[in-house]
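>>> dropping the sequence and predicted coords here.
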Amino acid sequence: MSFSRTLKDKSITVWEDGYNHPFLHEMGNGTLDQEVFKFYLLQDYTYLIEYAKIFAMGAVKAADEKLMTNFTVIQHAILYEEMDLHRNYMNEFGITLDENHTVKPSLFNKAYTSNMMSVAQTGGVAEIIAVIFPCAWTYYDYATRLKEQYRDSLEGNFYQTWIENYASDEFRDSFEWFYDTLDALCEHKTEQELEAIEDIFRRSVEFEYLFWDMAYNRQLSYL
Ligand SMILES: Cc1ncc(C[n+]2csc(CCO)c2C)c(N)n1
């Protein structure tokens with residue numbers, strides 16, 4: 001198996017803790033408190049703005065126009081498609097964009113995006129891919145599993161659109177290039193450098209897990 005494809009298994013404990021989080025299963029069976037989802041949605045919107053900037057950092061550090069394009073295509077998809085999913089749910093909640101713009105990131109949200117920005121500033125393209133990879137990979141993995149596990153009750157579930165968006169083939173294909181690109185970038189790295197990449201990846205899987213937990217407990221925002 002290529003280096004990039006082993007990364008999930010090297011983070012498997014926290015990866016599975018993420019999938020088993022009640023936030024996800026309550027979305028799957030449709031019982032998740034909509035106030036909890038609203039908290040997640042608004043926090044995630046601020047998260048996505050910072051996350052999109054990491055792709056801009058990738059484009060700045062990319063060695064050729066192909067890679068630069070790959071980063072900018074995803075950045076565009078985040079701003080136009082993924083955030084549309086959020087804007088549509090906000091619309092259902094009657095939250096306007098102006099109201100949304102008053103939301104400040106929670107402490108944990110800030111910690112996650114600050115970590116990503118720090119990796120992006122100090123690292124190269126391999127480190128940038130490692131830090132963003134779990135966001136896409138866990139979402140695709142969790143959503144496809146939820147879609148299968150709760151297939152009998154998905155129709156009419158308030159969270160159906162969310163689940164189907166992240167479980168789509170189109171979404172899977174959009175980040176397919178992460179695998180081979182990361183492998184190529186890691187080809188001549190030392191054991192020590194590879195270990196550092198694994199740590200960056202695992203940290204993001206940990207951050208993903210705690211993002212669910214933060215949202216589920218609506219923690220911690222005194223701002
Ligand atoms: C906390 C958090 N982590 C991951 C995602 C999912 N996500 C963000 S951008 C993107 C597209 C390509 O990476 C995906 C799948 C999210 N919404 N919120």
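Yes, it's here.
>>> correct me, but Ser11 touches Phe201?
Yes. Contact criterion Cβ atoms under 8 Å: Ser11 and Phe201 qualify, at 6.5 Å. C-betas here are computed from N, CA, C, even on glycine.
>>> okay, and the common contacts of these two?
Here Ser11 and Phe201 have Pro134 as joint contacts, going by Cβ atoms under 8 Å, 6 or more residues apart in numbering.
>>> stretch 152-168: which residues count as buried?
Leu154, Asn157, Tyr159, Gln160, Trp162, Ile163, Glu164, Asn165, Tyr166, Ala167 (16 or more other Cβ atoms under 10 Å).
>>> and those residues, which of them are in helices?
Residues of those located in helices (DSSP state H): Gln160, Trp162, Ile163, Glu164, Asn165, Tyr166.
>>> show me what the helix or strand where Thr13 lies is packed up against.
Thr13 is located in helix 12-19, with elements delineated by DSSP states H and E. Taking 3 or more Cβ pairs under 8 Å, 6 or more residues apart in numbering; DSSP states H and E as contact, the helices and strands that helix 12-19 lies on are helix 125-149, helix 191-216.
>>> the last one: how far from the chain's middle?
Looking back up the chat, that one is helix 191-216. Here helix 191-216 is found 11 Å from its chain centre; the criterion is Cα atoms, centre = their mean, to the nearest Å.
>>> any idea how far the residue nearest to Leu146 when sequence neighbours are not counted is from Tyr209?
Distances taken as Cβ to Cβ, 6 or more residues apart in numbering put Gly28 closest to Leu146, at 4.3 Å, once the chain neighbours are dropped. According to Cβ to Cβ, to the nearest Å, Gly28 and Tyr209 sit 17 Å apart.
>>> what about stretch 74-88 and the ligand, touching?
Yes. Stretch 74-88 lies within reach of the ligand by Cβ under 6 Å from any ligand atom, at Ile74, Ile78, Glu82.
>>> spell out which parts of the chain neighbour the ligand.
The interface of the chain toward the ligand, taken as Cβ under 6 Å from any ligand atom, is made up of 44, 47-48, 51, 74, 78, 82, 132, 135-136, 139, 175, 208, 211.
>>> closest to the ligand out of the buried residues of stretch 152-168?
Within these, the smallest distance to the ligand is 6.3 Å, found for Tyr166 (Cβ to the nearest ligand atom).
>>> was I right about that closest one contacting Thr138?
No. The pair Tyr166 / Thr138 is not scored as a contact, 9.6 Å apart, by Cβ under 8 Å.
>>> where does this structure dip in pLDDT?
Within the chain, the segments meeting pLDDT under 70 span 222-223.
>>> which helix runs longest in it?
Secondary structure of the chain per DSSP H: the longest helix is helix 34-61.
>>> what's the first helix or strand after that helix?
Where DSSP H and E defines the elements, the next helix or strand beyond helix 34-61 is helix 65-77.
>>> thinking again about what came up before, which pair in the residues of the chain next to the ligand has the greatest spatial separation?
Spatial extent of the residues of the chain next to the ligand (Cβ to Cβ) is set by the pair Ile74 and Phe211 at 19.0 Å.
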